[in-house]
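Colleague: Structure for this input, please:
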Amino acid sequence: MNIKIFQVKRILIFLLLISFTAPGWSQKRTTKKAKKQTTQKKSTPAKKKTTAAPVKKKEAEPAVAENEPDTMKQKTVVITSSFKPSLRNAAKVNFSAASPLPDSVLPTLQYNVPSQNLVFAYEPTTLKPVALSIDSLVPWENSNYIKAGFGNYSTPFLQAGFSFGDGKQTIINANVNHISSKGKLPFQEYSKTGAEVIGIFNPNDNIEVNGKVYFDNNSQYQYGFLPDTLKYNKDDIRQRFTTFGIKAGLRNKQENSFGISYAPSINFSAFNDNRNGKETNLVVDAPLSKSFMKIFAFNLGVTADITSYKSDSAKGGTINNNLFYVSPAVQYKTPNLKIVAGFTPAWDNSSFNMLPNFTLESKIKDEKFIFMAGWKGYYNKTTYQYLAGINPWLQHPTDLLNTKMNEFYAGFKGSAGSHFTYNAKVSYLKYNNQPLFVNDTITGKSFQIVNEPDMKAIRLHGEIGYTEQEKFSLLAGATLTQFSDLQVNEKAWGMLPLEVNGSLRWQLLKDLMIKGDVFFWDGAQYRNKVLQSQKLSAAMDMNAGVEFTVLPQLNVWVQFNNLFNNRYQRWNQYEVLGFNVLGGVVYSFGKSGK
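Modeller: Predicted coordinates:
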């Protein structure tokens, strides 16, 4: 019993001790926390004043041993103010640099570049021209115009052009023209009328079919009779030539899968006059080319030129003049060299000839200078239509002999800059059966055809040109020919020894075009009535014209011909018209293709 009372006393005394020591221990802990917070606040400046939240005291648990350590984790609250960092101002660095003095002494630099021989296995292919594709974004417009005017010498003038088609698969152009004049001399009159329709058809992207139908009617009078007191009526001296023709062709625009290009064509014409002279001409041409190994090509052409001429003056009433030839050749072509070599077997009626065909073109100095040389043989087909185109006052030919030509030539061509071009060539020519023109020995108003079986000539030919887009174009050419070694005739009757010509087209303003042409030639040799040779005087003919716009679709034009009023003669006893002026209007209109 006493023991139990003693244990109870001990427990009570222990509880009393804890109750007295607990307030001091708690106050000590609070003091340490407060010192820690004060130290942190001093180390960090604060913009805002903060107050620490009071910490609530926890009540002591009743059942804790006197000597047991306090294992409860204490919580600490640290309050800091917001912080804004800033950089210290840096000191600027000042430079006091000065530019160096100029050095006028050029340094001597030496380079040691080893020579290297480069060999490229790749050989670029040559460029080939192709047809320009029509821009599909721009609508095709069929342009039409009518040009009409009148001038002195009772000269009406008419020219018109019309176009049809869509510009892609079908293009058709139709042209008509007429001009006539009446000079001061008796029967010094002429009239020229023509019409043609040209069509181009593209059934697909690689095939082109072309055709042409044409008509020409030319009338003039043999007014060059002497003495001029002779009396004639118009029917006695009228010369009227009428031509009707049709031409058709086919070609591929690009080589096919076998490397073959072809362009066969056929041309038929009927030519007649008002004196029972008739002629038909049929020409069939079939050129073909096959390329292989990129730099080689084989060319082959077959041509048949068939002519039938009928007149009262012809031998036997009818002359058949046929020419057939085959032209095989091998072509070697690189970017800087082009060589064509071959022979042309030809049958001139019943006469066989082997004609040469050798040409060379070599590009020098960045392709702006090209040297050319060659030896070529060819035929100039002699027909009634061809002779009438040279001299319209001729008599009916009694025979038709084709002219065989052999030409050796050398020259050069090229360009200087972007606008200037040039071309020069010297040739040695040999003629066989060259037709010449002589006046008849009675009145001299008509020309007879005489044949020269063998003739030689040296010819110099040159051309220059300056072109700037479509605004300015100046072209000039000259040909000097020295005829020699004639076998039958004394002179080359009717052939010009010197010809010089020039042409100017200048778009001075947007609506103003200036045109000019000049022709100069030395007089040809002719034979007088007593069969003596004489020479015509040199002649010059200069023309000028201007065309300007007055309305969007209307232009006014003026043309001046033979400005110096020279009464020269191209053919003996046939004086040309003097100063001639024409003027008129051009009306243009169009319609967009579908």
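Colleague: helix or strand right after the strand or helix carrying residue 283?
Modeller: Using DSSP states H and E, residue 283 sits in strand 278-292. Next helix or strand after strand 278-292 toward the C-terminus (DSSP H and E): strand 296-310.
Colleague: May I have the beta-bridge partners of residue 509?
Modeller: Residue 509 has these beta-bridge partners by DSSP bridges: residue 512.
Colleague: Next: residue 423.
Modeller: The partner residues for residue 423, given DSSP bridges, come to residue 413, residue 463.
Colleague: Contacts only, for it.
Modeller: 411-413, 461-464 (Cβ atoms under 8 Å, 6 or more residues apart in numbering). Quick note: C-beta positions are derived from backbone N, CA and C, even for glycine.
Colleague: Point out where this protein drops to low pLDDT.
Modeller: 1-9, 16-75, 77-140, 365-367, 591-594 (pLDDT under 70).
Colleague: which residues in it form helices?
Modeller: With DSSP state H as the criterion, the chain has helices at 2-43, 234-237, 384-390.
Colleague: In stretch 285-300, which residues are buried?
Modeller: By neighbour count on 16 or more other Cβ atoms under 10 Å, the buried set for stretch 285-300 is 287, 289-291, 295, 297-299.
Colleague: what comes into contact with that stretch?
Modeller: Outside stretch 285-300, the residues within contact range by Cβ under 8 Å, 6+ apart are 123, 125-126, 255, 258-267, 301-303, 326-334, 340, 342.
Colleague: What about those residues, which are in strands?
Modeller: When the contacts of stretch 285-300 are checked against strands (DSSP state E), the matches are 260-262, 265-267, 301-303, 326-333, 340, 342.
Colleague: Type out the PyMOL command that picks the buried ones from those.
Modeller: Entered in PyMOL, the line below selects the buried ones among the ones in strands among the contacts of stretch 285-300, by 16+ other Cβ under 10 Å:
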select buried, resi 261+265+267+301+303+327+329+331+333+340+342
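Colleague: Pull the number of nearby residues for residue 442.
Modeller: Other residues within reach of residue 442 by the criterion other Cβ atoms under 10 Å amount to 10.
Colleague: ditto for residue 226
Modeller: 14.
Colleague: got it, and residue 420?
Modeller: 13.
Colleague: need the contact list for the closest residue to it other than its chain neighbours.
Modeller: Distances taken as Cβ to Cβ, 6 or more residues apart in numbering place residue 466 nearest to residue 420, at 5.3 Å, with adjacent residues excluded. By Cβ under 8 Å, 6+ apart, residue 466 lies in contact with 419-421, 472-474.
Colleague: from those, which is closest to residue 590?
Modeller: When the contacts of residue 466 are ranked by distance to residue 590 (Cβ to Cβ), residue 473 comes first, at 24.5 Å.
Colleague: ok, the closest residue to the closest one other than its chain neighbours - contacts?
Modeller: Using Cβ to Cβ, 6+ apart and skipping residues adjacent in sequence, the residue nearest residue 473 is residue 505, 4.4 Å away. By Cβ under 8 Å, 6+ apart, the contact set of residue 505 is 472-473, 513-515.
Colleague: Number of residues surrounding the nearest residue to residue 550 once chain neighbours are set aside?
Modeller: Leaving aside its chain neighbours, residue 550 sits nearest to residue 556 (5.6 Å; criterion: Cβ to Cβ, 6+ apart). By other Cβ under 10 Å, the residues close to residue 556 number 15.
Colleague: ok, which stretches of the stretch 301-450 of the chain are strands?
Modeller: 318-333, 337-348, 351-364, 369-380, 403-416, 420-432, 434-439, 447-452 (DSSP state E, counting those that start in this stretch).
Colleague: Turn these into CSV, including distance to residue 145.
Modeller: Shown next, in CSV, are the strands of the stretch 301-450 of the chain (distance: least, Cβ to Cβ, whole Å):
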stretch, distance to residue 145
strand 318-333, 40
strand 337-348, 40
strand 351-364, 40
strand 369-380, 36
strand 403-416, 33
strand 420-432, 30
strand 434-439, 38
strand 447-452, 38
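Colleague: partner residues bridging residue 321?
Modeller: residue 307.
Colleague: is it true that it touches residue 349?
Modeller: Yes. Between residue 321 and residue 349 there is a contact under Cβ atoms under 8 Å: 6.8 Å.
Colleague: out of the two, which sits in the more crowded spot?
Modeller: residue 321 (21 against 13).
Colleague: and the more buried one, what does it touch?
Modeller: 307-309, 349, 381-383, 400, 402.
Colleague: Is residue 240 in contact with residue 221, as I believe?
Modeller: No. Between residue 240 and residue 221 there is no contact under Cβ under 8 Å: 9.7 Å.
Colleague: So what's the residue count around the closest residue to residue 489 other than its chain neighbours?
Modeller: Among residues not flanking residue 489 along the chain, residue 452 sits closest, at 5.1 Å (Cβ to Cβ, 6+ apart). By the criterion of other Cβ under 10 Å, residue 452 has 22 neighbours.
Colleague: when you give positions from now on, start the count at 893
Modeller: Got it, first residue is 893 now, which makes that one residue 1344.
Colleague: How much space separates residue 1344 from residue 1199?
Modeller: Distance, residue 1344 to residue 1199, using Cβ to Cβ, to the nearest Å: 21 Å.
Colleague: how about residue 1142, what does it touch?
Modeller: Residue 1142 touches 1099-1102, 1154-1157, counting by Cβ under 8 Å, 6+ apart.
Colleague: before we move on, the earlier item: could you identify the most distant pair in the buried residues of stretch 1177-1192?
Modeller: 1179 and 1187 (20.2 Å).
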